[in-house]
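# Any chance you can model this:
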Amino acid sequence: MRYLKQYPVLFLANSLLGLGLRTPSKEFWQPIGEKTAAMDPEDKVNLLAYLVPRFGSGDPEQDVALESFVSGLDPTFEVIRSKVPDLSEGDVQLVGTELLAAEVAKPGRSSKAEFAAFVGALSESELRAILTKRKSFKEYSVSQMEKMKNERDAKAKRIADDTAAIRAQVEKARETRKMIFNQQTGKMEEYTVKKK
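Numbering: from 1, shown residues only. The predicted model follows:
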């Protein structure tokens, strides 16, 4: 941790190396950052999860696929905007990057021409279905997180209620008990309150 505080730039550079981003280039990351500015942070992290593992493979086809991903951003977004003009810019970017990541960023899936034909053939309802399906993952995870939180809170309340009930029972027993352990005799004896 001290290393991170003293040398943040070296730490970042080493982290990038550790992720396989040996030569992070402005030509790749800067356009992605600029062209996906309207996406939600969670969706950007998901995009990174697609892209980061593709670096450092040494496969020239992978490098071409990543270059195709970047060069395909603007045309893909334009096609989506023209087909579904009422989508927010964040949704346009989300659908476009999802399609590009699935078809272009992985070598051997689709060439640029095949991908352009594929996106061109998609209807408005198909693009909306892709967006709905993609957003459903996030909605499902949020609902599951809420369910887990509610279950955790209910369990904590049960434990607190049980603890309170046990404490109340102990206090009642202290007030009403009839038997005590007499240390002098080593026996349980009936407790009697001495009158003054």
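# contacts, neighbours, all on C-alpha from now
Noted.
# how is the protein carved up into domains?
Residue ranges for the domains of the chain, per automatic domain parsing: 2-122, 150-190.
# mind giving me CSV with those domains and columns for distance to Gln144?
Converted to CSV, these look like this (distance: least, C-alpha to C-alpha, whole Å):
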stretch, distance to Gln144
domain 2-122, 16
domain 150-190, 10
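# Dump those domains to CSV, plus mean pLDDT.
Formatted as CSV, the domains of the chain follow (pLDDT from 0 to 100):
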stretch, mean pLDDT
domain 2-122, 80
domain 150-190, 86
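# Figure out which of the ones you listed is closest to Leu131.
Of all these, domain 2-122 sits nearest to Leu131, with 5.9 Å by C-alpha to C-alpha.
# Quickly note the distance from Ser136 to Lys178.
63 Å (C-alpha to C-alpha, to the nearest Å).
# who touches the spatially most central residue of the chain in this structure?
Computing the C-alpha centroid of the chain and ranking residues by C-alpha atoms, centre = their mean puts Glu42 first, at 6.3 Å. With contact set as C-alpha atoms under 8 Å, 6 or more residues apart in numbering, Glu42 has no partners.
# can you dump the C-alpha coordinates of whichever strand or helix holds it into PDB?
In the assignment (DSSP states H and E), Glu42 maps to helix 41-51. Taking only C-alpha atoms (Å, rounded to 0.1, in the frame of the first residue of the first chain), the coordinates of helix 41-51 have been written out as PDB:
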ATOM      1  CA  PRO A  41     -19.900   3.600 -15.500                       C
ATOM      2  CA  GLU A  42     -21.000   0.000 -14.900                       C
ATOM      3  CA  ASP A  43     -21.500  -0.500 -18.600                       C
ATOM      4  CA  LYS A  44     -18.000   0.900 -19.200                       C
ATOM      5  CA  VAL A  45     -16.500  -1.500 -16.700                       C
ATOM      6  CA  ASN A  46     -18.300  -4.300 -18.600                       C
ATOM      7  CA  LEU A  47     -16.800  -3.100 -21.900                       C
ATOM      8  CA  LEU A  48     -13.400  -3.200 -20.300                       C
ATOM      9  CA  ALA A  49     -14.100  -6.800 -19.200                       C
ATOM     10  CA  TYR A  50     -14.500  -7.600 -22.900                       C
ATOM     11  CA  LEU A  51     -11.500  -5.700 -24.200                       C
END
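# buried sites along the following helix or strand past it?
Toward the C-terminus, helix 41-51 is succeeded by helix 60-83 as the next helix or strand (DSSP H and E). For helix 60-83, burial by neighbour count (16 or more other C-alpha atoms under 10 Å) applies to 62-63, 65-66, 68-70, 72-73, 76-77, 79-81, 83.
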